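Student: Fold the stuff below for me.
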Amino acid sequence: MTTKPDDDCCGGEEDPGASLGDPVVSDAMRGEAQAAAASSMEPEPRASTIEKDVMAKRNCEIVGTVTYREGDGVAMEVPQGPCQIEVTDLDATLSWSEGESHGSAAISLQDYRRFVSEGALKMD
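Tutor: Next comes the predicted model:
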C-alpha cells in the first residue's frame, strides 16, 4: 500500500517564501520580533533635567561644600570656584584648577544631584 503525503497538515495554508528546511515564521512572530527590536532602539527617558546634557562638559561653580573620595579614603573637599562637570550614565566628573595645579574627581550621580539640590554646585 502506498501512502500519499498529507498536503493539508498545516491547515491548508502554505508560506510561499518557505522552502524545504526553512522554519516557518508566522506573522504574529514577525510582529513580536519587530516590536522587540524597535523597543530596544528607543532612547531611555532621562531621570532629571539636571542631566539634560549627558556626555557634554558644562561650566559650573562650587559655592558650598562638595566632597569626593579617592578609593575608600577619607572625603576630600573640592575647592570653591569655577569648574567643569561631565555627566555620564554612570557618574559625574568634576574638573577644576587651583593655581598651577589641576584636579578632577568622579562622584556618584546621587552625590551630584544632592550637591546641585543643596545649592553647593551651581550650573551656568
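
Student: hey, where'd the helices end up in the protein?
Tutor: Assigned by DSSP state H, the helices in the chain fall at 27-41, 109-118.

Student: worst average pLDDT in those helices?
Tutor: Comparing mean pLDDT across the helices of the chain, the weakest is helix 27-41, with a mean of 56.

Student: which ones are touching residue 105?
Tutor: Shown in contact with residue 105 (Cβ atoms under 8 Å, 6 or more residues apart in numbering): 68, 70, 76, 78, 93-94. For every residue, glycine as well, the C-beta is placed using N, CA and C.

Student: for residue 82, same thing?
Tutor: Applying Cβ under 8 Å, 6+ apart, we find residue 82 in contact with 59-62, 96.

Student: switch the cut-off to 10 Å
Tutor: Neighbour list for residue 82: 59-62, 96-97, 124 [criterion: Cβ atoms under 10 Å, 6 or more residues apart in numbering].

Student: Please list only the buried members of the residues you listed.
Tutor: Neighbour counting by 16 or more other Cβ atoms under 10 Å classes 60, 62, 96 among the contacts of residue 82 as buried.

Student: Go through those and say which is closest to residue 86.
Tutor: residue 60 (10.6 Å; Cβ to Cβ).

Student: right, and the closest one touches residue 121 too?
Tutor: Yes - counting by Cβ atoms under 10 Å, residue 60 touches residue 121, with 5.8 Å between them.
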